[in-house]
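Novice: below: sequence and its predicted model.
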Amino acid sequence: MVEYKCFNCEKAVKSEYVKKKIRCPYCGSKILYKQRSVPTTLKAI
């Protein structure tokens, strides 16, 4: 199950809620993001 986080209040928002409305149910922010399960590393050339 995919879980989104609010960029403003950092609370978890379930994917079922995101399908209905693209807003945080806690603070009303429109910016939600998915956390990566595996951290990405970059190497400088």
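Specialist: Sure, I can see it. Residues are numbered from 1 along each chain as shown.
Novice: Arg23 versus Ser37, what's the distance?
Specialist: 24 Å (Cβ to Cβ, to the nearest Å). (C-beta placed from N, C-alpha, C; glycine too.)
Novice: next one: Ser15
Specialist: 14 Å.
Novice: Ser37 and Arg23: which has the busier surroundings?
Specialist: Neighbour count, other Cβ atoms under 10 Å: between Ser37 and Arg23, Arg23 has more, with 16 against 5.
Novice: which residues are in contact with the more buried one?
Specialist: 29-30 (Cβ atoms under 8 Å, 6 or more residues apart in numbering).
Novice: got phi/psi on it?
Specialist: Dihedral pair for Arg23: phi -150, psi 150, per degrees, to the nearest 10.
Novice: what pLDDT is listed against it?
Specialist: The model reports Arg23 with a pLDDT of 86.
Novice: verify the stated contact: Ile31 with Glu10.
Specialist: No - assessed by Cβ atoms under 8 Å, Ile31 is found out of contact with Glu10, at 11.4 Å.
Novice: where do the strands of the chain begin and end?
Specialist: With DSSP state E as the criterion, the chain has strands at 3-6, 12-14, 32-34.
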